[in-house]
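Engineer: please find the sequence and the predicted model below.
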Amino acid sequence: MVLTVIALELLFVLLIVCLLCRAPYGVLAYQPRNGSARRGDWRLAHERAELLLQEMLSAEEYQQLNRRGYLEVASPSHLGRIYRVPHHQGQVKVVEDGVPVMALCVQSLEPIPDGDAVLMHKLMIEGNEDEYLRIANRFEPTLYGFIAFRPRGRR
Amino acid sequence: MAKLRVLSGKGDTAVEWDLKRVKAGDPDAVEAVREAERIFEAQRQRGATAFKVEPDQPARRLTRFDPQVEQIIVVPRVAGG
């Protein structure tokens, strides 16, 4: 009886793993609202965005992104500040002199693939940092993660 | 070939033009520049931000379309998440 239960649980876990392995993270994370948009279209967009990102980044930057899961973008105006842009869409961590000081949440109003999102952050930080910081929702680091500096709706 | 790329849910859409042919007055090249400028202005009206991108150089924001720029990338309007 116990062995049967264990076997069933293992089968269930295996099924979940197989389902998760069938599609890349970017496809699972975003489901197009438009009924006519197919998963295949989104996958193509995702691949296209990744190719563009690879073209825009140096070889070292792209390797860093794949190895560490984030791209480091130096602040053009704050000495010692680095922005860590995640490969898959999420909060950008701000590190100053090696210490995480806050996280930022900025997103495109139009859904875009992960590769384009990385490029978006990099371009905004390098070319329009003040506006990027003005727009971003900020989160401060705590022992348990990052919490909002201020509640939504209050600026 | 100079290029204007607009990031979107489809990945990116691009318009290309040959600067030499534009200077020579080639009608197709001139039309491509006009189309790129039209797209540039339309995206800016929607709140997008355009950047000039050069190898090994930090991105620079563009407020006006410049056909001499080799690579322009237009980022959709962003907001705090």
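Structural biologist: Ah, there it is.
Engineer: bridged to B:R5, which residues?
Structural biologist: Residues in a beta bridge with B:R5, per DSSP bridges, are B:A14, B:I73.
Engineer: surely it touches B:A14?
Structural biologist: Yes: B:R5 lies in contact with B:A14 (CB atoms under 8 Å); the separation is 4.7 Å. C-betas here are computed from N, CA, C, even on glycine.
Engineer: and the nearest residue to A:Y62 once chain neighbours are set aside, backbone torsions?
Structural biologist: Excluding the flanking residues, the one nearest A:Y62 by CB to CB, 6 or more residues apart in numbering or on different chains is A:Q54, at 5.5 Å. Backbone geometry at A:Q54, expressed as degrees, to the nearest 10, gives phi -60, psi -40.
Engineer: so how far is A:W42 from A:Q54?
Structural biologist: As judged by CB to CB, to the nearest Å, A:Q54 and A:W42 stand 19 Å apart.
Engineer: these two: which has the busier surroundings?
Structural biologist: In terms of neighbours (other CB atoms under 10 Å in any protein chain shown), A:W42 is the more surrounded of A:Q54 and A:W42; the figures are 20 against 14.
Engineer: confirm that the more buried one sits in a strand.
Structural biologist: No: judged by DSSP: H, G, I helix; E, B strand; the rest coil, A:W42 forms no part of a strand; its state is helix.
Engineer: distance of it relative to chain B?
Structural biologist: Separation of A:W42 from chain B (CB to the nearest CB, to the nearest Å): 8 Å.
Engineer: next one: that residue from A:A74, what distance?
Structural biologist: Between A:W42 and A:A74 the computed distance is 32 Å (CB to CB).
Engineer: check A:L109 too.
Structural biologist: Taken as CB to CB, the span from A:L109 to A:A74 is 27 Å.
Engineer: run a quick neighbour tally on residue 38.
Structural biologist: The chain I'm using is chain A. Counted with other CB under 10 Å, the neighbours of A:R38 add up to 11.
Engineer: hmm, I had chain B in mind actually
Structural biologist: Neighbour tally, B:R38, other CB under 10 Å: 12.
Engineer: which ones are touching residue 17?
Structural biologist: Picked chain A for this. For A:V17, the contact set (CB atoms under 8 Å, 6 or more residues apart in numbering or on different chains) is empty.
Engineer: ah, no, chain B please
Structural biologist: The contact partners of B:W17, taken as CB under 8 Å, 6+ apart, are B:1-3, B:29, B:32-33, B:36, B:67.
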